[in-house]
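*Asks:* test case, fold it:
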Amino acid sequence: MGNSSSTSVAGTSIGQCLARAVGGNPELVAFSDKAFYQLENVKRWNLQVEVTPIAVTYPETSAHIAEIIRCASAEGIKVQPKSGGHSYGNYGSGGVDGAISVDLKHFQQFSMNYDTWQATIGSGTALGDVTQRLHDAGKRAMAHGTCPAVGIGGHATIGGLGPTSRQWGSALDHVEEVEVVLANSTITRASPTQNPDLFWALKGAGASFGIVTEFKVRTEPEPGEMVQFQYSFTHGAYTKMADTFKAWQAFISEPSLTRRFATEVIITEMGFVVSGTFFGTKAEFDTLGFQELFFHSNDYANTMVFQDWQGKVAHWADELLLFASATPSHLFSKSMTFSHDTLIPSSTIDALFAYLDIAHKGTPLWFIILDLEGGAINDIPNDATAYAHRNALFYMQNYAIGIPSVSDTTKDFIRNVSHIVTEGMKGVSLGAYAGYVDPELKDAQRAYWGANLPRLERIKREVDPQDVFSNPQSVRPAKS
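*Replies:* Just a heads-up that it's a prediction; the model follows:
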């Protein structure tokens, strides 16, 4: 586009409206014809998904957001909030061209009620800052993921899974109240007693229903002693590692497994890694017998004891860097959900690991990650919040990074990994986690929200009948 006032986005009716919405401050809105717009403003996290919002806004108040939404509604333009911007489909930028992205980076408010230990957290706060601010306010903590740059705004309205979730629930299970801006530009609050249906929907499908500006969350005392463990298998064929995975799956599926135990499996070009954290002493960890399953057969074993919560969180962040999951890249991914009733059959595990030996991957940067969940997350009924995977025992996430982009060979490899599992479990419905969005997933809303989808659609019809808050896989209003 040109730069004259007659052709620039800023000179159009929507451009003028958005400028007024943020009080005329040119620093608080950027338009699609701005120089270096993609690099400086859109900041796509998944470089494989091209998207150009008509504008990126940087509101400083809830009133700014309300006016931005008013502008969008008048023009029939879709809106999506962006907290950290780590959507696999770039949904914080709309997911498709022409939306308005509401970047929440200025919403950094924080306070602690020292009587109830309830914290108020701005929705633009990155998880690393959440950890630090809770620590500074009385050595408190909450469950969330391990990537410090992820924003709590999306994280705590989708699910928010992390190493402490088996003890404390997901991030959204900590949420006790929110301030939210609705499609009609109303600024309101939602909790179990105020707008309870809206609150229910925001806890699992938030981006479809409004823009949350702050959270009031339950906090917990920081954990004390923690044991970090890792067992690596880097030599030999993948087929020889299948039995190790079977042993891991059998161990984590024991109903009596302590909730203080968190673990994951990561399979890469370099081999197979079993790692995790036990929240307790080394002596208590040793009584579990977990290391005995792997200690004698691995190529590398390491156990570390942490006394410092901040140090442990930093260690998790360092681990993410090793697996290239913390920086923008060309990314392609799939995910599946497994429960105690839908464990991966032995023959399917054999087929998967055999495939890894012969498959053409198209990139050395591919990952299959299986994260243990369950515990406190499972305590909450499936219909108590919009988050629909209360029976999940573990998630399987398959993704690859392409250089310079993801090739068809790599896409086929990732698709085939999922296909082998689903073919080996015909007739079993394996949902997907909305935090790992898959833009090519068929019937995505059903996969993300399962049996909760009809209620979500009814609430959507009530609070956002024109589908202002929309991305390619968001909840749609129920038909009248």
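
*Asks:* show me where the stretch 201-350 of the chain has its helices.
*Replies:* Secondary structure of the stretch 201-350 of the chain by DSSP state H, counting those that start in this stretch: the helices cover 242-252, 282-286, 290-294, 309-322, 346-358.

*Asks:* which of those sits closest to residue 62?
*Replies:* Across the helices of the stretch 201-350 of the chain, residue 62 has its closest neighbour in helix 309-322 (29.8 Å, Cβ to Cβ). In short, each C-beta sits where N, CA and C put it, glycine included.

*Asks:* residue 309 - how many residues pack around it?
*Replies:* Neighbour count of residue 309, defined by other Cβ atoms under 10 Å: 20.

*Asks:* my guess is it contacts residue 142. True?
*Replies:* No. The pair residue 309 / residue 142 is not scored as a contact, 11.8 Å apart, by Cβ atoms under 8 Å.

*Asks:* for residue 425, give me its contacts.
*Replies:* 342, 344-345, 348 (Cβ atoms under 8 Å, 6 or more residues apart in numbering).

*Asks:* ok so, going back, which of the helices of the stretch 201-350 of the chain sits most buried?
*Replies:* Burial of the helices of the stretch 201-350 of the chain is given as mean neighbour count (mean count of other Cβ atoms under 10 Å); helix 242-252 ranks first at a mean of 18.

*Asks:* who does it touch, helix- and strand-wise?
*Replies:* strand 261-268, strand 271-278, helix 290-294, helix 346-358 (3 or more Cβ pairs under 8 Å, 6 or more residues apart in numbering; DSSP states H and E).

*Asks:* ok, and what's touching the last one?
*Replies:* Contact partners of helix 346-358, identified using Cβ under 8 Å, 6+ apart, comprise 237-239, 241-242, 245-246, 249, 267, 344, 416-417, 420-421, 423-425.

*Asks:* in strands, which of those appear?
*Replies:* residue 267 (DSSP state E).

*Asks:* of the contacts of helix 346-358, buried ones?
*Replies:* Buried by 16 or more other Cβ atoms under 10 Å: 238-239, 241-242, 245-246, 249, 267, 344, 416-417, 420-421, 424-425, out of the contacts of helix 346-358.

*Asks:* closest one to residue 379 out of these, please.
*Replies:* Distance to residue 379 across the buried ones among the contacts of helix 346-358 (Cβ to Cβ) is lowest for residue 249, with 21.9 Å.

*Asks:* show me what contacts the closest residue to residue 349 other than its chain neighbours?
*Replies:* In space, and not counting its chain neighbours, residue 349 is closest to residue 242: 5.2 Å by Cβ to Cβ, 6 or more residues apart in numbering. Residue 242 makes contacts with 349-350, 352-354, as judged by Cβ under 8 Å, 6+ apart.

*Asks:* show me the shaky parts of the stretch 201-350 of the chain.
*Replies:* Applying pLDDT under 70 to the stretch 201-350 of the chain flags residues 295-298, 319-326.

*Asks:* likewise the stretch 351-480 of the chain?
*Replies:* By pLDDT under 70, the stretch 351-480 of the chain contains no weakly predicted segment.

*Asks:* mind running it again at 80?
*Replies:* Flagging of the stretch 351-480 of the chain using pLDDT under 80 yields the residue ranges 480.

*Asks:* now residue 190: closest residue in space that isn't a chain neighbour?
*Replies:* residue 199 (3.9 Å).

*Asks:* meant to ask about residue 299, not that
*Replies:* residue 234 (4.9 Å).

*Asks:* count of residues packed around the one you found?
*Replies:* 13.

*Asks:* how close does it get to residue 265?
*Replies:* Residue 234 sits 14 Å away from residue 265, going by Cβ to Cβ, to the nearest Å.

*Asks:* which residues are in contact with each of the two?
*Replies:* Common neighbours of residue 234 and residue 265 (Cβ under 8 Å, 6+ apart) are residue 272.

*Asks:* helix or strand right after whichever strand or helix holds residue 72?
*Replies:* Following DSSP states H and E, one finds residue 72 within helix 62-75. Moving toward the C-terminus from helix 62-75, the next helix or strand (DSSP H and E) is strand 79-82.

*Asks:* which residues touch residue 467?
*Replies:* Contacts for residue 467 (Cβ under 8 Å, 6+ apart) come out as 78, 460, 474, 476-477.

*Asks:* how about residue 235: what's its closest non-neighbour residue?
*Replies:* The shortest distance from residue 235 to any non-neighbouring residue, by Cβ to Cβ, 6+ apart, is to residue 299 (5.6 Å).

*Asks:* that neighbour: how many residues sit nearby?
*Replies:* Neighbour count for residue 299, taken as other Cβ under 10 Å: 12.

*Asks:* isn't it right up against residue 230?
*Replies:* No. Using Cβ under 8 Å, residue 299 makes no contact with residue 230, being 11.3 Å away.

*Asks:* and the longest helix for this structure?
*Replies:* helix 408-423 (DSSP state H).

*Asks:* quick one: list the elements packing against whichever helix or strand comes after that one.
*Replies:* Reading on from helix 408-423 to the C-terminus, the next helix or strand found by DSSP H and E is helix 444-449. In terms of contacts (3+ Cβ pairs under 8 Å, 6+ apart), helix 444-449 is packed against helix 196-205, helix 453-463.

*Asks:* what does helix 444-449 rub up against?
*Replies:* With contacts defined as Cβ under 8 Å, 6+ apart, helix 444-449 is touched by 204-205, 386, 388, 431-434, 437-438, 441, 453, 456, 473-476.

*Asks:* in that helix, what counts as buried?
*Replies:* 444-445, 447-449.

*Asks:* which SS class is residue 390?
*Replies:* Put simply, residue 390 is coil when judged by DSSP: H, G, I helix; E, B strand; the rest coil.

*Asks:* neighbours around the residue nearest to it when sequence neighbours are not counted, how many?
*Replies:* Among residues not flanking residue 390 along the chain, residue 382 sits closest, at 4.3 Å (Cβ to Cβ, 6+ apart). Residues lying near residue 382 (other Cβ under 10 Å) number 14.

*Asks:* isn't residue 382 up against residue 431?
*Replies:* No. Here residue 382 lies out of contact with residue 431, judged by Cβ under 8 Å, at a distance of 10.9 Å.
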